[in-house]
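Enquirer: Please find the sequence and the predicted model below.
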Amino acid sequence: MPGTMAHEAVYRKYRPAVFADVTGQDFIKNTIQNEIKLGRIAHAYLFSGPRGIGKTTLARLLAKAVNCSDRKEGEYEPCNACQHCVDFQAGRALDVIEIDAATNTGVDSVRENIIEAVRFAPTAGKYKVFIIDEVHMLSTSSFNALLKTLEEPPAHAIFILATTEMHKIPETILSRCQRFDFHRIGPVEMIARMKEILSKEEVEVDDEVLHAIARASEGAMRDAESLLGQVLALGEKKITKEMGALVIPMGCIESASRTIEALGNRDAKGAVEELHAFTSQGGVPGHLLDEVVEFCRMTLFELIGAPHEDRYPEATMTQIRGLTKKMNESACLKLLDLLLQAKARPATDPFPELPLEIAFVLFCAAEAPVQKIVVQEAPKQAVQVAQPAPVIEQEEDLVFDMEPNPALLKTIPIQKGMPEKKAELVMTPDRKAEFTLEEIQGKWGRCCEAVGSRNIALPMALNESKPEKFDEAGKLCIRFAREFHFETMNKPGNLKILTESIAEVMQSPVVLTLVYSKPPEENMDELAQAFGGKVV
């Protein structure tokens, strides 16, 4: 009756009745379809994967299809009209036995519900199908009791085991099953399925709401359909973004968009202000943090050209692609690292925004804006520069279209660095280092490998460092190109690992000094004038 259907959950109302309705899992679906079509049904299957992605649905479709009396040879879809299909849909098919292992863990339950029942022939269909959900919850004794039946099952028995924790299944069980690993549903497939449901419900929902549902469900189709059911419960024929926000928080995306834009411009004040505006409207800092992490992750994928599915509407993805002009891989990784640190840092009750505020300020203080230098070649002769090009940290682009002016070039200030930061490990070896600077420079790669064997994360901080000199006291000076790497190694535990690794490779004790200097600032107008260019 219409009144009854209105209260039925969406995921139950639209549970796939044929294989064609199943979202995703194409490889698994095609394999099972071919087995049914060719009549080569395995006696035991094992479906593994996260919750809500179709394990039980495919198990039920398999059980229905193998017993469908009107299914013709060479076909795999159940007819949904014969007596068995009708009984199955109504939940009264006697030849399909579903067992929840989470509540029937004991050996007595296995013996009564499976071992004893499998001896009897099917009542109406060709096969007696046992679907055991959350099978990893069975006790060791229960698995041992089930093993013999799986090893030598009757010809009329099919076992379908489903689990979310594959590692808890004994190897003896695994080796007797045809195993299928289910994966999370992608946002594109998920949104397409939701649009099919909305078409049948004759309801229109804004794409931004559907994208928000897809992100919130984290690849679980059942969760997405449950959230869609909550949206449909609003009772409107057209559901806008504002209406959908009553069920799915939508402002988080817009706030994250503005926050990541401010971080791309290294505007700590703007990022913190956006965070405060979000929380003042009742937003949870953790929700904004998760969304900013996802934005940053998408930006990293765009930077390295990695394949990925767009988790946001096209307008938002266009903005994310625009961030690649403001962030390089190093800056993106630094931001992700700081955000994950903020996620792990406990927030105090009075200031729940504090971990995020710290992350924003640290990132903007440590990273200079990314800028491009556009070089135009001289039409007839090459440009010759008498000294190394200085490091440029300004936001403006430079356009070089002439030879440099030597007289002006000499007036460019090259060194305006900040005082050096140094770090030392206080220790007194019994003798000085017994190797030269050239020797350790030649073996620096091996030293970094030795560090990695002690701490796999530290070699990244050493990639752009180099042994520079021995000072008057015989201490080995190692210079770092990035302040973040310097600060990483400037921790007692990490400095000790580096010292021990060098001593191991060089077979000699050593005392270290770590050094970092801020790159010099340049006068952009003078630099552009020297090269005959202009600041754009």
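Expert: Received, thanks.
Enquirer: What is the neighbour count of residue 171?
Expert: 7 (other Cβ atoms under 10 Å). For the C-beta atoms, the positions are set from N, CA and C on the backbone; glycine is no exception.
Enquirer: what does residue 20 give?
Expert: Neighbours of residue 20 using other Cβ under 10 Å come to 9.
Enquirer: Residue 513 and residue 477 touch, don't they?
Expert: Yes - the pair residue 513 and residue 477 qualifies as a contact (Cβ atoms under 8 Å) at a distance of 4.8 Å.
Enquirer: For residue 190, give me its contacts.
Expert: 23, 213-214, 217, 219, 221, 224 (Cβ atoms under 8 Å, 6 or more residues apart in numbering).
Enquirer: Return the closest of those with respect to residue 174.
Expert: In terms of Cβ to Cβ, no member of these lies closer to residue 174 than residue 219, at 24.2 Å.
Enquirer: separation between that closest one and residue 50?
Expert: Residue 219 sits 7 Å away from residue 50, going by Cβ to Cβ, to the nearest Å.
Enquirer: And residue 272, by the same measure?
Expert: According to Cβ to Cβ, residue 272 and residue 50 sit 36 Å apart.
Enquirer: Which one of the two is surrounded by more residues?
Expert: The neighbour comparison of residue 272 against residue 50 (other Cβ under 10 Å) goes to residue 272, with 18 against 14.
Enquirer: just checking, what packs against the strand or helix carrying that one?
Expert: If you go by DSSP states H and E, residue 272 is part of helix 268-280. Under the contact criterion of 3 or more Cβ pairs under 8 Å, 6 or more residues apart in numbering; DSSP states H and E, helix 268-280 touches helix 251-264, helix 285-304, helix 354-366.
Enquirer: how many other residues sit next to the closest residue to residue 338 other than its chain neighbours?
Expert: In space, residue 338 comes closest to residue 359 once its chain neighbours are excluded; the distance is 4.2 Å by Cβ to Cβ, 6 or more residues apart in numbering. By the measure other Cβ under 10 Å, the count of residues near residue 359 is 23.
Enquirer: Give me the distance between the closest residue to residue 176 other than its chain neighbours and residue 177.
Expert: Nearest residue to residue 176, sequence neighbours excluded (Cβ to Cβ, 6+ apart): residue 150, at 4.6 Å. Going from residue 150 to residue 177 by Cβ to Cβ gives 7 Å.
Enquirer: anything in contact with each of the two?
Expert: Contacts common to residue 150 and residue 177, judged by Cβ under 8 Å, 6+ apart, are 44, 159.
Enquirer: Tell me where the stretch 351-500 of the chain has helices.
Expert: 354-366, 406-409, 437-442, 444-454, 459-462, 483-489, 492-506 (DSSP state H, counting those that start in this stretch).
Enquirer: For the residue nearest to residue 338, give me its contacts.
Expert: Counted by Cβ under 8 Å, 6+ apart, residue 359 has contacts 335, 338-339, 341-342.
Enquirer: again with residue 304
Expert: Residue 304 neighbours (Cβ under 8 Å, 6+ apart): residue 329.
Enquirer: mind running it again at 6 Å?
Expert: Not one residue lies near residue 304 by Cβ atoms under 6 Å, 6 or more residues apart in numbering.
Enquirer: Now do the strands in this protein.
Expert: 44-48, 96-100, 128-133, 157-163, 178-181, 204-205, 238-239, 374-375, 398-400, 421-424, 466-470, 476-480, 512-516, 534-535 (DSSP state E).
Enquirer: circling back: the residue nearest to residue 176: how many residues sit nearby?
Expert: Neighbours of residue 150 (other Cβ under 10 Å): 19.
Enquirer: Low-confidence regions, the stretch 151-300 of the chain specifically.
Expert: Flagging of the stretch 151-300 of the chain using pLDDT under 70 yields the residue ranges 249-251.
Enquirer: To clarify, my last question referred to the chain.
Expert: 1-7, 249-251, 307, 309-311, 313, 347-349, 367-432, 472, 519-536.
Enquirer: how does it divide up, domain by domain?
Expert: 25-181, 187-244, 251-366, 371-381+393-417+522-536, 421-516 (automatic domain parsing).
Enquirer: could you dump the ones you listed to CSV with distance to residue 17?
Expert: Shown next, in CSV, are these (distance: least, Cβ to Cβ, whole Å):
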stretch, distance to residue 17
domain 25-181, 6
domain 187-244, 13
domain 251-366, 27
domain 371-381+393-417+522-536, 56
domain 421-516, 50
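Enquirer: In contact with residue 82, which residues?
Expert: Going by Cβ under 6 Å, 6+ apart, residue 82 touches 68-70.
Enquirer: Separate out the buried members of those residues.
Expert: Buried subset of those (neighbour count, 16 or more other Cβ atoms under 10 Å): residue 68.
Enquirer: From residue 153, how far off is residue 122?
Expert: 13 Å.
Enquirer: swap that for residue 497, please
Expert: Counting by Cβ to Cβ - residue 497 and residue 153 are separated by 56 Å.
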